[in-house]
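A.B. asks: Show me the folded form of this:
(2 chains)
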Amino acid sequence: MIEGSPRVEQSCVLISADEHVVEHPGVWTERMSKSRWGNRIPHTERESDGTEHWTVDGEILPLPGVALSGALLADPCRELQRWVDVPKLSYVPDERLKAMDASGVNFAVLYPTVAGVAGETFARLDDPELELACVQAYNDWLIEEWASRSQRFVPQCIVPIYPAEASVAEIKRAVKMGHRGVIYPAIPMQIRNVPHINDPQYDLIWATCQELGVPLCLHAGSSKGVQIPIHPDMSPRAAAALQAVLRPASAVFDVANILFSRILMRFPNLKVIFAESTVAWGAFLLEYADHQFQQDRCEGYELKPSEMFTRQCFLTTWYNRVRTDIGYLGADNILWATNFPLANSTWPDVRHFVERGLFGVPEDERHKILWQNAAKLYQIS
Amino acid sequence: MKIQYGLISADSHIALDRDAFTKRLSKAVWGDRIPQVVETTEKDKPVERWIVNGRIRRRAVCNCPAAMDGPMPRNKYPDRWEEVPRKAYVPQERLKALDEDRIDAEVLFPNDPGGFYDYGDPAFELACVQAYNDALSEWHDESDRFIPLAMVPLLGDTEARVAEVKRAVSKGHRGIVMLAEPSSTVRGFKHISDPYWYPLWAICEELGVPVHIHASAGLGDKLNVPRWEGYTPRQFHSAFTVPCGAWPAQLVPNLIFSGVLGRFPRLKWVFAETGIGSINYVREACDYEWERRRLWTEGFLQRPSEIVTRQIFVNFWFERSGIQMRHAIGIDNIMWESDYPHISSTYPQSWDFVLRTVEGVPAEEQKKMLWENAARLYGIM
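C.D. replies: A predicted model of the protein is given here:
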């Protein structure tokens, strides 16, 4: 029995596999020791002109506003600069449930915003203890304020990225508290001086995810190193649009790396979700990967890249017309999402994009993409 | 030119004779800096290699595995000039190879040695570029089945660059080759969408010659996942090559949202050896962001997918998924490439690949992709 109870009539359950919580200014200050961490605690600061920004350990976070809630704004390209202006729909759980009801979404799988859309913010810190304290405060808060409020919120933890022992300790703690997925930056070595993600030093993390049955979630945009630079003179609105297109395009690098990394061979039951990937480039990537794999006579793999993808990977769609892509990716390997409340979200036209995106897709495959695949991954029943 | 076979390769690579530069550059002015083939050692083995400005070009004396060996897979490179097959670098012999592979014409991209901007000397770069362009003009004089693309000097001033484009086009060149994103390749070069390059786009538009971005176009490891030391060379080659197919998924949106394509609406851009299967992403993603963000209010009056249809051309060589999605990519924007004589070339079985790939496609659409689109773009016939 599905617990969620949206108001609109619908033929099918909806599980949005990629939504973002918006962390309010008290998330870290209310949970971290002021005497120990002082001003290094993530918090908002106000400029003389009244605008606010987030800072962590003395660094201003590279966010375009004090929150990301473009889907709720008159101009989705201009993020808000003052917390008082941020719509409650984005950060108050009860309000969020109303937004989900309005668009017919039963469950929302949660990713961070201030902690990084791909959970990368604290990975940049050089101090492992501070990193851990920030991470734990986020993970605690998500359970306390969101997951405890409603089972319709599916919480996922962030982790200290290195060493693996530290990551694993936090994964175990978080999963015990109720977290259902593990968010990790896809290319950590472009964020901080840590070993290459393909290195067996990380195996403990993959092994733990596999053992606990929680998916590994690599959200697009963790690293600017796989995105072309944007010209500084571009108009802010055009630049925001370009950034929104570059981010999913950069996930190609995340997926290709995982497919060749041999991680999937060592951990055949590990599930890897590429959130905010889109699916439109997927068919080409898999075909190219198999083609090159055969051309290069790649040794040391039991399966072709596309076969490992089929066994273990998931791409995420929110506006794509998926009918043709399904033939290459498989209906079992696509998750649907709204990306709420980011500027590129389909909200408030969620239903419209569901119908447009899944036009021509057979009923059984619709169910897989819209909820069954996610239900299986997150054990929602 | 008479179309006999119904197949044009929109991406092949020149191989210049060993005296191509020594016979064109003044020995008195440039001395030993002139690109030439010299005796050297590699892995303790006596070999011949190109040397440019004192720097030896490693790996092989000519990048021509497809001419060296049988069909794919192959991996043979010549170490001495006498091993280089004449069907790679002698125009009349190369025409026979075209006939053998039943190809009407080929568009000629550079081969090693290239990248003359790399030596930091504008006068030297210009001399090498002019020698290169002159050598290709002579190929074109020998047969109009050779469609040459000009290098442009990047270090010198804009006037010199524009003058060289004019000179090359007057001598038979039908396009220019360009770095994908100059500021990512060379510190100090301007970003691809910077107004600094506008005069170059303007002269190409005026002369009706397309700009060509060939993988890697200087991006190489600049836009990729950092190399992992744990790969075997074959694994590394696959892991490195595959995601590069998605470079156009970042480069084309940048050209759209930076306004470059709108400012030069008659200028065509060709993306070579990066496949066709990321353009469906570009069209869908850019249209989505344009609509959701109402970018017409920002002066972007045209739907991005219409701009793509008008100005962006891509080549396929192995893909079946892209061909199935040809209408989501643009049936008038797809060309075919053999990549001769490089390692991934379809030579000498090009038609086997072609027929397998376009199986089931209506004859009219096949014709467009196999030669008509290229004939129209390059003004053949």
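A.B. asks: Now do the strands in chain A.
C.D. replies: Shown for chain A, the strands assigned by DSSP state E span residues A:15-20, A:43-46, A:52-56, A:59-60, A:107-111, A:153-154, A:157-158, A:182-183, A:216-219, A:272-275, A:313-317, A:334-336.
A.B. asks: Just say which of those strands is most tucked in.
C.D. replies: Among the strands of chain A, ranked by average contacts under mean count of other C-beta atoms under 10 Å in any protein chain shown, first place goes to strand A:157-158 (a mean of 30). (Glycine included, C-beta is placed from N, CA and C.)
A.B. asks: Provide the strand pairings for that one, with the direction of each partner.
C.D. replies: Using DSSP bridges, the strands paired with strand A:157-158 are strand A:182-183 (parallel).
A.B. asks: would you turn the strands of chain A into CSV with mean pLDDT?
C.D. replies: Formatted as CSV, these follow (pLDDT from 0 to 100):
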stretch, mean pLDDT
strand A:15-20, 98
strand A:43-46, 97
strand A:52-56, 97
strand A:59-60, 96
strand A:107-111, 98
strand A:153-154, 98
strand A:157-158, 98
strand A:182-183, 98
strand A:216-219, 98
strand A:272-275, 98
strand A:313-317, 98
strand A:334-336, 98
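A.B. asks: could you dump the ones you listed to a markdown table with distance to residue A:287?
C.D. replies: Listed next are the strands of chain A as a markdown table, based on distance: least, C-beta to C-beta, whole Å:
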| stretch | distance to residue A:287 |
| --- | --- |
| strand A:15-20 | 24 |
| strand A:43-46 | 46 |
| strand A:52-56 | 41 |
| strand A:59-60 | 42 |
| strand A:107-111 | 29 |
| strand A:153-154 | 32 |
| strand A:157-158 | 34 |
| strand A:182-183 | 29 |
| strand A:216-219 | 21 |
| strand A:272-275 | 17 |
| strand A:313-317 | 14 |
| strand A:334-336 | 17 |
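A.B. asks: Out of those strands, which is closest to residue A:92?
C.D. replies: Nearest to residue A:92 among these is strand A:153-154 (12.3 Å), distances taken as C-beta to C-beta.
A.B. asks: Can you spell out which helices and strands pack onto that closest one?
C.D. replies: In terms of contacts (3 or more C-beta pairs under 8 Å, 6 or more residues apart in numbering or on different chains; DSSP states H and E), strand A:153-154 is packed against strand A:107-111.
A.B. asks: where along the stretch 151-300 of chain A do the helices fall?
C.D. replies: With helices called from DSSP state H, counting those that start in this stretch, the stretch 151-300 of chain A shows them at A:164-177, A:203-212, A:236-261, A:263-266, A:282-295.
A.B. asks: ok, residue B:3 - how many residues close by?
C.D. replies: The local packing of residue B:3 (other C-beta atoms under 10 Å in any protein chain shown) involves 16 other residues.
A.B. asks: Could you pull up phi and psi at it?
C.D. replies: phi -80, psi 120 (degrees, to the nearest 10).
A.B. asks: do you know how far it is from residue B:378?
C.D. replies: 13 Å (C-beta to C-beta, to the nearest Å).
A.B. asks: same check, this time on residue A:91
C.D. replies: Taking C-beta to C-beta, one finds residue A:91 at 56 Å from residue B:378.
A.B. asks: which ones are touching residue B:265?
C.D. replies: Neighbour list for residue B:265: B:307, B:310, B:311 [criterion: C-beta atoms under 8 Å, 6 or more residues apart in numbering or on different chains].
A.B. asks: what does residue B:263 give?
C.D. replies: Here residue B:263 is in contact with B:198, B:201 (C-beta under 8 Å, 6+ apart).
A.B. asks: Could you check how far it is from residue A:144?
C.D. replies: As judged by C-beta to C-beta, residue B:263 and residue A:144 stand 52 Å apart.
A.B. asks: Which residue does chain B have closest to chain A?
C.D. replies: Per C-beta to the nearest C-beta, residue B:277 is where chain B lies closest to chain A, at 2.5 Å.
A.B. asks: now that residue, nearest residue through space, not along the chain?
C.D. replies: Of all residues not flanking residue B:277 in the chain, residue A:284 sits nearest, at 2.5 Å (C-beta to C-beta, 6 or more residues apart in numbering or on different chains).
A.B. asks: What of residue B:140?
C.D. replies: residue B:172 is the one closest to residue B:140 (C-beta to C-beta, 6+ apart), at 3.8 Å.
A.B. asks: now residue A:13
C.D. replies: Using C-beta to C-beta, 6+ apart, the nearest residue to residue A:13 is residue A:371, at 4.2 Å.
A.B. asks: ok, the one you found - how many residues close by?
C.D. replies: For residue A:371, using other C-beta under 10 Å, the count is 23.
A.B. asks: before we move on, back to that, could you save the contacts of residue B:265 as JSON lines and add columns showing pLDDT and distance to residue B:326?
C.D. replies: Below are the contacts of residue B:265 laid out as JSON lines (pLDDT from 0 to 100; distance: C-beta to C-beta, whole Å):
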{"residue": "B:307", "pLDDT": "98", "distance to residue B:326": "18"}
{"residue": "B:310", "pLDDT": "98", "distance to residue B:326": "17"}
{"residue": "B:311", "pLDDT": "98", "distance to residue B:326": "18"}
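A.B. asks: follow-up on the earlier one: mind listing what the residue nearest to residue A:13 touches?
C.D. replies: A:12, A:13, A:14, A:15, A:106, A:107, A:336.
A.B. asks: and which of these is nearest to residue A:348?
C.D. replies: Using C-beta to C-beta, those come closest to residue A:348 at residue A:14, 14.1 Å.
A.B. asks: What's the separation between the closest one and chain B?
C.D. replies: Distance, residue A:14 to chain B, by C-beta to the nearest C-beta, to the nearest Å: 19 Å.
A.B. asks: follow-up on the earlier one: which one of the contacts of residue A:371 sits closest to residue B:297?
C.D. replies: residue A:336 (29.6 Å).
A.B. asks: hang on, the closest one packs against residue A:372?
C.D. replies: No: with contact defined as C-beta atoms under 8 Å, residue A:336 does not reach residue A:372; the gap is 10.4 Å.
A.B. asks: Give me the common contacts of those two.
C.D. replies: With C-beta under 8 Å, 6+ apart, residue A:336 and residue A:372 have no common neighbours.
A.B. asks: tally of neighbours for the residue nearest to residue B:140?
C.D. replies: 18.
A.B. asks: a helix runs through it, doesn't it?
C.D. replies: No: the assignment for residue B:172, made by DSSP: H, G, I helix; E, B strand; the rest coil, is coil rather than a helix.
A.B. asks: dump the residue contacts of it.
C.D. replies: B:136, B:137, B:140, B:141, B:148.
A.B. asks: Could you check how far it is from residue B:153?
C.D. replies: For residue B:172 relative to residue B:153 (C-beta to C-beta), the value is 19 Å.
A.B. asks: before we move on, the earlier item: among the contacts of residue B:172, name the ones in helices.
C.D. replies: Those of the contacts of residue B:172 mapping onto helices are B:136, B:137, B:140, B:141, per DSSP state H.
A.B. asks: My understanding was that the third one contacts residue B:150; is that so?
C.D. replies: Read it as residue B:140. No: contact between residue B:140 and residue B:150 fails when scored by C-beta under 8 Å: they sit 10.9 Å apart.
A.B. asks: okay, the two: which has more neighbours?
C.D. replies: Taking neighbours as other C-beta under 10 Å, residue B:140 and residue B:150 compare with residue B:150 leading, 26 against 18.
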